[in-house]
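[1] can't give you the sequence, but here's the structure:
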């Protein structure tokens, strides 16, 4: 597939992922800014993008789903699509791309629920916490840290100063 794209003049580096959600359907994951140039290249070869709905229950062609309830089929489509998205995100090599794509699917497209997104980000970068869940941290030193620094202080003056600090020192 990537060889065909190269022959058509489509940059493989700009195609983040290729997957096959249905028969005779290719799903391409590209940056949103690259969509117009990709569509222009595809139209040169008489290939037109289609509006594919991954939540359509007719895409479930497994015989075990033939006598199933429509609400179950809709839930199963959602579950399978979410699993497919997680696999696609996991195949991306750079963790920054993984986080960006997961964030896009969660907050822009609303394909991934926020709790699933939080779990996904922990698996990508265990120390990552979404910005809206971060707590403000203070950098003031604790009393124990202050005591440590004061313990290192030394006095070099031998003169005594009166308590009011305005009188002359006693000799």
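    Cool, got the structure. These numbers were taken from a predicted model, which means no experiment stands behind them.

[2] what about the longest helix in this structure?
    When the chain is parsed with DSSP state H, its longest helix is helix 70-91.

[3] Let me know the next secondary structure element after that helix.
    helix 95-103 (DSSP states H and E).

[4] which residues are contacting that following helix?
    By C-beta atoms under 8 Å, 6 or more residues apart in numbering, the surrounding residues in contact with helix 95-103 are 16, 29, 88-90, 92, 112, 117, 120-121, 124-125, 128. Just so you know, the C-beta spots here come from the backbone N, C-alpha and C atoms, and that holds for glycine as well.

[5] farthest pair in these?
    29 and 128 (21.1 Å; C-beta to C-beta).

[6] Just want to know which of these two has more residues nearby.
    Per other C-beta atoms under 10 Å, whichever of residue 29 and residue 128 has more neighbours is residue 29, with 18 against 14.

[7] Look up the residues forming beta bridges with that one.
    Beta-bridge partners for residue 29, by DSSP bridges, are residue 17.

[8] hmm, who's touching the helix or strand hosting residue 118?
    Element membership for residue 118, per DSSP H and E: helix 114-124. By C-beta under 8 Å, 6+ apart, the list of residues contacting helix 114-124 from outside reads 82, 86, 89, 95, 98-99, 102-103, 106-107, 112, 128-130, 133.
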